[in-house]
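Visitor: Prediction below, plus the sequence it came from.
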Amino acid sequence: TVLLVLLVLTVVVEKSATAPYGKLWAYFQVHVTQPATQRYCRQSGGNLVTVDSASETQFLIKEFLNSQMKLNDGRILVQIRGVWIGLHMPGLTGAAPTDKSQDIWASGAPTNTYSNWGRAQKASNDKPAVPDQPDGEVQELGDVSSCVYAVAFRDYWQRDVGTWNDVRCHNPKPFICEFG
C-alpha cells in the first residue's frame with residue numbers, strides 16, 4: 001500500500017505596490033529559501049524583484065522595508081530581517097566568492113549598472129568590522145551558491161536599511177516578486 005500525501009501551499013500576497021517604471025511588486029510573508037522563491041515567482045509569471053536603481057531602492061525601503069509595514073489587510077508587520085531579491089551567484093562558476101562579476105539577476109537584467117552592497121560597521125569578538133559587501137559567504141547548494149537579500153532594518157551589524165547582503169541560499173526569508 002502506497003500512501004500519497006499532497007501538500008498544497010497557499011501563498012498570499014501580503015502587500016503590493018506599483019514600482020517605478022510601472023512594474024508590480026508583490027510581498028510574500030512566507031519564509032522560504034531563495035531558489036524556492038524564484039521558482040514560485042516564475043510559476044506565477046514574474047521573477048524575484050530586480051532592484052537596479054537608487055529610485056527603486058528608495059521605493060523598496062518606503063513600501064516594503066520600513067519598520068512597521070502596513071499589509072493589504074491593515075495588519076502591521078513588525079521588524080522583518082530582510083527580503084530575498086533576485087540577485088544571486090550561480091553555483092560552480094569557478095569565480096572567487098567575492099567576485100561579483102558572475103552575479104546575475106533572476107530577470108536577466110544587467111548587473112553592472114547599479115549595486116547597493118551594505119557595509120557592516122560593528123565589530124564582534126574583538127574582530128574588526130566586516131569589510132564592504134559582498135563578503136562572499138558562499139555555500140555550494142545546487143545551482144545557486146550565494147543569494148542576496150535586502151536588509152529590512154538596521155541589524156546587529158549596523159547595515160543600513162535597503163542595502164544588500166549575500167548569504168547562504170537556504171536561509172528562509174520573505175520575498176518580493178516583480179510582475180510586468
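Guide: Cool, got the structure. Residues are numbered from 1 along each chain as shown.
Visitor: ranges for the helices of the protein?
Guide: 34-43, 54-64 (DSSP state H).
Visitor: Return the most buried member of the ones you listed.
Guide: helix 34-43 (a mean of 19; mean count of other C-beta atoms under 10 Å). The way it works is simple: take the backbone N, C-alpha and C, and place the C-beta from them, glycine included.
Visitor: What average pLDDT does that helix get?
Guide: Helix 34-43 carries an average pLDDT of 93.
Visitor: cool, stretch 167-180 as well?
Guide: 89.
Visitor: What residues of it count as buried?
Guide: Of the residues in stretch 167-180, Val167, Cys169, Asn171, Lys173, Pro174, Phe175, Ile176, Cys177, Glu178 count as buried by neighbour count, 16 or more other C-beta atoms under 10 Å.
Visitor: Would you mind putting the residues you listed into a markdown table with distance to Tyr114 alongside?
Guide: Output for the buried residues of stretch 167-180, formatted as a markdown table (distance: C-beta to C-beta, whole Å):
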| residue | distance to Tyr114 |
| --- | --- |
| Val167 | 20 |
| Cys169 | 22 |
| Asn171 | 24 |
| Lys173 | 21 |
| Pro174 | 23 |
| Phe175 | 20 |
| Ile176 | 17 |
| Cys177 | 20 |
| Glu178 | 15 |
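Visitor: mind listing which of those residues are in strands?
Guide: Applying DSSP state E to those, the entries found in strands are Val167, Lys173, Pro174, Phe175, Ile176, Cys177, Glu178.
Visitor: OK, contacts around Asp84?
Guide: Careful, residue 84 is Trp and not Asp. Gln34, Thr37, Leu48, Cys147, Val148, Tyr149, Lys173, Pro174, Phe175, Ile176 (C-beta atoms under 8 Å, 6 or more residues apart in numbering).
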